[in-house]
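# Please work out how this folds:
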Amino acid sequence: MVVKDRETNEKAKLLDGMEAARKPEDATALKKAYTFGGLGVTTLVILYYAACSSTMLVINKVAIHNFPCPISLLCLQLFFSAAAVSIGHYGGIMSAEAIEMDKLKKFVWVVVGFLGTIFANIKVLQHANVETFITFRSTTPLILSICDFLFLGRALPTARSWASLLVLLAGSVGYVLVDSGFKIDAYYWLLLWYAFFTFDTVYVKHMCETVKMSNWSRVYYTNAIALGPLLLALPLVGEQERLSAVVWTPSVVVPVLMSCLMGIGMSHSAYLLRDTVSATLFTIVGILCKIVTVVINICIWDKHATPSGIGFLLVCVLAGTFYEQSPKRQT
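Numbering: from 1, shown residues only. Model prediction:
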């Protein structure tokens with residue numbers, strides 16, 4: 001009788017543990033506690049995102065240079081990502097939820113921020129070199145640290161982090177002053193990108209914390225929903241003549257295909273990282289990994305900044321290494 005009672009109690013505890021593991025907060029704790037090869041999940045996610053982010057910008061720049069139809073390229077990337085997730089889901093490789101109306105309504109603003117950010121990003125790459133874009137992006141943690149405090153429940157940065165953010169800003173201003181490729185059109189698009197990027201980063205972090213779904217589902221929702229309005233707008237952007245004049249040689253096909261493949265990894269890794277760290281730290285990671293982008297960009301062609309411009313960029317990157325993620329405020 002005692003043995004039977006003991007077995008009953010053990011089964012009850014086991015069921016309680018299984019039930020607790022189903023809770024999102026406990027699942028997150030288990031995920032963060034898991035390590036692989038001595039590296040925690042957060043570190044692995046950062047490395048995954050860094051690999052995608054550091055190469056995506058240069059691949060897009062090459063793709064647009066050889067295929068001068070940025071909106072058509074974006075449509076191809078969105079279609080490729082949505083189709084890959086759909087095929088992977090039905091093939092049992094990955095799990096993605098069907099589109100639900102409640103989640104669809106919330107994802108409309110995600111798509112607005114996503115499309116605005118990517119469209120402005122592509123237009124910036126048309127008018128400016130890669131280093132100009134990276135350096136301008138280095139100032140975004142200043143505003144995002146305030147947004148983390150106001151909207152996402154984070155504490156304000158420490159004195160060390162504020163110093164890091166101010167050096168980032170100083171390095172960005174220095175870059176603009178020595179930017180040999182300065183074009184006012186590029187900076188108009190940079191300001192538009194800045195607005196969309198800030199909104200997108202804060203709102204998507206809010207979505208990751210409040211709407212529970214798999215990351216592949218988020219990738220599918222974002223790309224599939226964004227593809228619809230973009231296809232409707234495609235005839236209005238005036239790319240028909242350039243598109244019909246494109247000769248699909250390997251020099252065009254290869255970078256376009258690579259940008260589509262990288263788009264899948266970029267979407268998935270970005271959602272994973274946003275789900276793991278604060279909005280400000282997400283942006284800091286994106287800035288730091290761009291040092292690889294600069295090296296690749298210098299090696300492959302001459303469409304890059306001057307040595308003094310790259311020096312200011314390195315100041316921004318190094319300053320970002322001193323930033324510390326602010327903890328959640330205690331209620």
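# Please give the element, helix or strand, for the residue most central in space within the chain.
Among the residues of the chain, the one closest to the centroid is residue 270, at 4.0 Å (Cα atoms, centre = their mean). In the assignment (DSSP states H and E), residue 270 maps to helix 250-276.
# Which strands or helices does that helix pack on?
helix 41-66, helix 70-90, helix 184-210, helix 215-233, helix 279-288 (3 or more Cβ pairs under 8 Å, 6 or more residues apart in numbering; DSSP states H and E). All C-beta atoms are positioned from the backbone trio N, CA, C, and that covers glycine.
# can you pull the buried residues of the second one?
Read it as helix 70-90. When burial is assessed from 16 or more other Cβ atoms under 10 Å, helix 70-90 yields the following buried residues: 70-85, 88-89.
# Let me know the angle separating that helix from helix 250-276.
Between helix 70-90 and helix 250-276, the angle comes out at 60 degrees (axes from the mean of the first three to the mean of the last three Cα atoms, to 10 degrees).
# quick one: low-confidence parts of this structure?
1-39, 129-132, 134-135, 176, 179-186, 289-306, 320-321, 324-325, 330-331 (pLDDT under 70).
# Counting neighbours, show which residues of the helix holding residue 270 come out buried.
Within helix 250-276, the residues that qualify as buried are 255-256, 258-260, 262-276, counting by 16+ other Cβ under 10 Å.
# Quick check: phi and psi at residue 96.
phi -140, psi 130 (degrees, to the nearest 10).
# dump the residue contacts of it.
Contacts for residue 96 (Cβ atoms under 8 Å, 6 or more residues apart in numbering) come out as 85-86, 88-89, 214, 216-217, 219-220.
# between those, which is nearest residue 323?
residue 219 (27.3 Å; Cβ to Cβ).
# if I look at the closest one, how far off is residue 267?
Look at residue 219 and residue 267: by Cβ to Cβ, to the nearest Å, they are 4 Å apart.
# what do the two both touch?
Joint contacts of residue 219 and residue 267 (Cβ under 8 Å, 6+ apart) are residue 81.
# of all the helices and strands packed on helix 250-276, which lies closest to residue 167?
helix 279-288 (12.0 Å).
# which secondary structure elements does the closest one contact?
So helix 279-288, by 3+ Cβ pairs under 8 Å, 6+ apart, packs with helix 41-66, helix 130-137, helix 140-151, helix 184-210, helix 250-276, helix 307-320.
# CA atoms only: put it into CSV for me.
C-alpha atoms of helix 279-288 as CSV (Å, rounded to 0.1, in the frame of the first residue of the first chain):
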residue,chain,number,x,y,z
ALA,A,279,15.3,45.4,-28.6
THR,A,280,18.3,47.5,-28.0
LEU,A,281,20.7,44.5,-27.6
PHE,A,282,19.3,43.0,-30.8
THR,A,283,20.3,46.2,-32.6
ILE,A,284,23.7,46.3,-31.0
VAL,A,285,24.4,42.7,-32.1
GLY,A,286,23.4,43.7,-35.7
ILE,A,287,25.9,46.6,-35.6
LEU,A,288,28.8,44.5,-34.2
